[in-house]
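Engineer: I need the structure of the sequence given here:
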Amino acid sequence: MILDILHKFHDLIQSYNIQKFRIVGNSYEIVLQIQFVQGRTLHVRDYLFSDGSRKYSFHWQDSLNQCKLRWDNAPHHQDTNTFPFHKHIGKDEEIEDSDIMNLETILEYIRNNIHL
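Structural biologist: Sure, this is the predicted structure:
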């Protein structure tokens, strides 16, 4: 499944490194780094636990390793309308509401906003 998603976006991706991928029953753990053709990088951490809860962080950074966007669901920005889902924008990491995200949604966003 993850390789299918990565292949779907092969035009954007220069390389990727799956650092951890584990499935146990209905739970999974994915840690990977994607290098894009423009020198930008996406760091992915996505966990689905056996109780159905999920924890994720998708950190997209520019070629100077500065944050462009980071989507996550850490429960530390309770003032967002989409709590715990939120995104950090730019190097100052301004916080905004966000939908629930997954790898395919993030890569589609990057494809549509690569000029940012």
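Engineer: looking at this structure, which helix is longest?
Structural biologist: helix 103-112 (DSSP state H).
Engineer: quick one: contacts of that helix?
Structural biologist: 2, 5, 8-9, 11-12, 30, 36, 42, 44, 46, 58, 60, 71, 99 (CB atoms under 8 Å, 6 or more residues apart in numbering). From N, CA and C alone the C-beta is placed, and that goes for glycine too.
Engineer: run the last query once more with 10 Å
Structural biologist: 1-2, 4-6, 8-9, 11-13, 30, 32, 34, 36, 38, 40, 42, 44, 46, 56, 58-60, 68-69, 71, 87, 99, 101-102, 116 (CB atoms under 10 Å, 6 or more residues apart in numbering).
Engineer: list only buried entries from the residues you listed.
Structural biologist: By neighbour count, with 16 or more other CB atoms under 10 Å, the contacts of helix 103-112 hold 2, 6, 9, 12-13, 30, 32, 34, 36, 40, 42, 44, 46, 56, 58-60, 68-69, 71, 87, 101-102 as buried.
Engineer: which ones are touching the residue of the chain positioned farthest from its centre?
Structural biologist: Within the chain, Gly25 marks the point farthest from the mean C-alpha position, 22.9 Å out by CA atoms, centre = their mean. With contacts defined as CB under 10 Å, 6+ apart, Gly25 is in contact with Ser50.
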